[in-house]
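1. here's a sequence, model it:
(2 chains)
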2 protein chains.
Amino acid sequence: MRLRIDLAYDGTDFSGWAKQPDLPTIQGTFEDALATVTRAPEVNTIVAGRTDAGVHAIGQVVHVDLEFGEAPAVLTGRLNSFLANSGIVIHSVIEAPAGFDARFSPLFRRYEYRISDESAPRDPRNARYTHWIDDVLDFDAMNAAANSVIGLHDWTTYCRPRPGSTSVRELQRFDWVRDTDGSLVATIQGDAFCHNMVRNLVGMSVAVGRGRLAASDAVTLRDQRLRTAAFIVLPPHGLTLVEVGYPSAEEMGARAVLTRDRRPVV
Amino acid sequence: MRLRIDLAYDGTDFSGWAKQPDLPTIQGTFEDALATVTRAPEVNTIVAGRTDAGVHAIGQVVHVDLEFGEAPAVLTGRLNSFLANSGIVIHSVIEAPAGFDARFSPLFRRYEYRISDESAPRDPRNARYTHWIDDVLDFDAMNAAANSVIGLHDWTTYCRPRPGSTSVRELQRFDWVRDTDGSLVATIQGDAFCHNMVRNLVGMSVAVGRGRLAASDAVTLRDQRLRTAAFIVLPPHGLTLVEVGYPSAEEMGARAVLTRDRRPVV
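-> I've put the predicted structure just below:
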């Protein structure tokens, strides 16, 4: 049986999603819990978004194939009991629709990046998931730059390159809003992202917000398709994976085949 | 010179505001920082709200009398540098208006209490300052109960008694809203609060929200002026001191004298 598991985590105390020997990882902690509560000898999860060390998720999705004799929903409570105070919370466990693949089926991934600048009093309660900047940022310029770059493009300027892998992605949405607590919150949505792309895009935004770049530089730099020192990658703790969008059950199988064929597996 | 200092903290890793030997406290950490950056031999702060262990603040206020030869505002940055990653953030340092007393001048103190129930997906990023309840709470009943109890009353039912001290307080505001992240957030404002009063008031709300008490029991129990087992005090980590309201500079001195005369010093 293939299970779809929706989960959330505070990434602060983990060395990222992916299992590593002798380091606390979300995948390692979660797979141990799942093996224990299902009595499976081994579980190997496939994840929608392999988050880096320090990155959080409130809408992460994994699939896993295993034998389990009861209704999958009972696993939600059992996993949450096992994972109490671990920083990981399970939202739901269901039997996945036919053809579901957590990694290859998504239509989109949506992230948020949270910044607190000096235009609002700083709230220490959000320090674990908000990047604090000692400056007043130009919100309108950041939004203009963000809106200007969306679309299907080669994102080499904004990616850490990986050999044999394309940097072409569709950036579907990128905007900033000011939250009720005064934080600046970017929403960044795309079909997929290459490595460090989101944290470079918000890094560009901050360079614009500080007045070090013009809003129009966002597109100019993108179209140069060259790594640049004009902005810096922002730290991981401001970043959260918010939602992974999947097609309806009927269209599921076709989508995974399409994605797998189009992109090299990295 | 008397300074007014506005500050905020994540109370998770502290044993409350008040100094204690060999325990990490907000007062102890803050006074060490202030003594260092001002080179004062000793500093003794007076605080608006003596928060318990685990309670947070985003609008705490203290005053302190000390000799300092520069403009007080320069202390904000110096204190924040010294307190980086401590969980404490300084919002401002100013010379206090004549007659200002952080403890005795306030017109009101406003707190919030955050609860995440099962009607919204749980967000692990807010675990440090949100009380999670495994139940779906009746929001309307909680609000009806909260609204019903406000006013100038004897709060013995909702207080941990202290010898020689009155339990009469003016509860000015008490309501619940659902925040954008799905959390239930109580706003509780009063001229002052007796010990554990806020955490008992929200405990009563949760008993109503679970259907274990009727909304009308809130007033019935209050007017019995007896300690009760009908609800429990909620844990400290959901509680945050949001704002302390002071009179205008002209009315400041009169207010402190009035408060000091009316309430026994505890």
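2. correct me, but residue A:62 touches residue A:2?
-> No - at 10.8 Å, residue A:62 does not count as touching residue A:2 under the criterion of CB atoms under 8 Å. Every residue, glycine included, has its C-beta placed from N, CA and C.
3. what touches both of those two?
-> Counting by CB atoms under 8 Å, 6 or more residues apart in numbering or on different chains, residue A:62 and residue A:2 have no common neighbour.
4. for the two, indicate the residue with more neighbours.
-> residue A:62 (24 against 17; other CB atoms under 10 Å in any protein chain shown).
5. ok, the closest residue to the more buried one other than its chain neighbours - contacts?
-> Excluding its sequence neighbours, the residue lying closest to residue A:62 (CB to CB, 6 or more residues apart in numbering or on different chains) is residue A:45, at 4.4 Å. Going by CB under 8 Å, 6+ apart, residue A:45 touches A:5, A:27, A:30, A:31, A:34, A:62, A:63, A:64, A:102.
6. just residue A:205 next, same as before
-> Residue A:205 touches A:142, A:145, A:146, A:176, A:186, counting by CB under 8 Å, 6+ apart.
7. can you rerun that using 10 Å?
-> If you count contacts by CB atoms under 10 Å, 6 or more residues apart in numbering or on different chains, residue A:205 has them with A:113, A:115, A:137, A:139, A:141-143, A:145-146, A:149, A:174, A:176, A:184, A:186, A:188, A:213, A:215, A:218, A:231, A:234.
8. most neighbours of all the contacts of residue A:45, which one?
-> Neighbour max across those (other CB under 10 Å) = residue A:30, 27 neighbours.
9. quick one: that residue from chain B, how far?
-> 13 Å (CB to the nearest CB, to the nearest Å).
10. so who does that residue touch?
-> Residue A:30 neighbours (CB under 10 Å, 6+ apart): A:5, A:7, A:9, A:17, A:19, A:43, A:45, A:47, A:60, A:62, A:64, A:79, A:82-83, A:86, A:88, A:90.
11. tell me the SS of the most far-flung residue of chain A relative to its centre?
-> What lies farthest from the middle of chain A is residue A:69; by CA atoms, centre = their mean that is 32.2 Å. Here residue A:69 is recorded as coil under DSSP: H, G, I helix; E, B strand; the rest coil.
12. can you pull the contacts of it?
-> A:1, A:38, A:39.
13. quick one, phi psi at the last one?
-> Comment: the main-chain dihedrals of residue A:39 come out as phi 60, psi 30, following degrees, to the nearest 10.
14. kindly report the same for the one 5 residues further on.
-> Its backbone dihedrals place residue A:44 at phi -130, psi 110, with angles given as degrees, to the nearest 10.
15. wait, it touches residue A:19, no?
-> Yes - with contact defined as CB atoms under 10 Å, residue A:44 counts as touching residue A:19 (9.4 Å).
16. which neighbours do the two share?
-> A:27, A:31.
17. which one's more surrounded, the two?
-> Using other CB under 10 Å as the criterion, residue A:44 and residue A:19 rank with residue A:19 on top: 16 against 11.
18. without its sequence neighbours, what residue ends up closest to the residue of the stretch 101-250 of chain A found nearest chain B?
-> Nearest residue of the stretch 101-250 of chain A to chain B (CB to the nearest CB) works out as residue A:124 at 4.2 Å. Nearest non-adjacent residue to residue A:124, counting by CB to CB, 6+ apart: residue B:10, 4.2 Å away.
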